[in-house]
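Asks: Got a predicted model here, sequence first, then my questions.
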Amino acid sequence: MDTMHDKDFVAEAQKIDLEINPVSGADVESLVKEVYATPPEIVAKAKAAAGRSRPQSIKHSMRTSIARFQITPDPTAARA
C-alpha cells in the first residue's frame, strides 16, 4: 500500500481523474478463492450469458483486468 503514499502516483491519478480504491493482498486472496469456488454450473451460465464460446484462463482474465487499470505516461505530455 506504499503506492498510495507516492506523491507522483497520486498526482498522476488525480490528473487523469482515476479513482483509486486500494485493496489489501488478503482481500484479493479471499476474492480469488471465492471465484475459484464458484460451482461449474454457475460458471457455465455466466459464460453463456457473456457469449463466450471458449473458456479463458484465469491468468488471461487477470492480465486483461490488470492491464485496464495500469497508468501509462501520456506520450504527448512534455517531459520535465
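Replies: Cool, the structure landed.
Asks: quick one: Met4 from Val10, how far?
Replies: With distances taken as C-beta to C-beta, to the nearest Å, Met4 is found 7 Å from Val10. The way it works is simple: take the backbone N, C-alpha and C, and place the C-beta from them, glycine included.
Asks: list the residues that contact both of the two?
Replies: Ile20 (C-beta atoms under 8 Å, 6 or more residues apart in numbering).
Asks: Mind checking which of those two has more residues around it?
Replies: Val10 (14 against 10; other C-beta atoms under 10 Å).
Asks: in the one helix or strand that one maps to, what's buried?
Replies: Assigned by DSSP states H and E, Val10 falls within helix 7-15. Using 16 or more other C-beta atoms under 10 Å as the test for burial, helix 7-15 gives Ala13.
Asks: mind starting the numbering at 51 from now?
Replies: Happy to do that; since the first residue is 51 now, the last one works out to helix 57-65.
Asks: so where's the protein shaky on pLDDT?
Replies: 102-130 (pLDDT under 70).
Asks: switch to 50 and redo it
Replies: 130 (pLDDT under 50).
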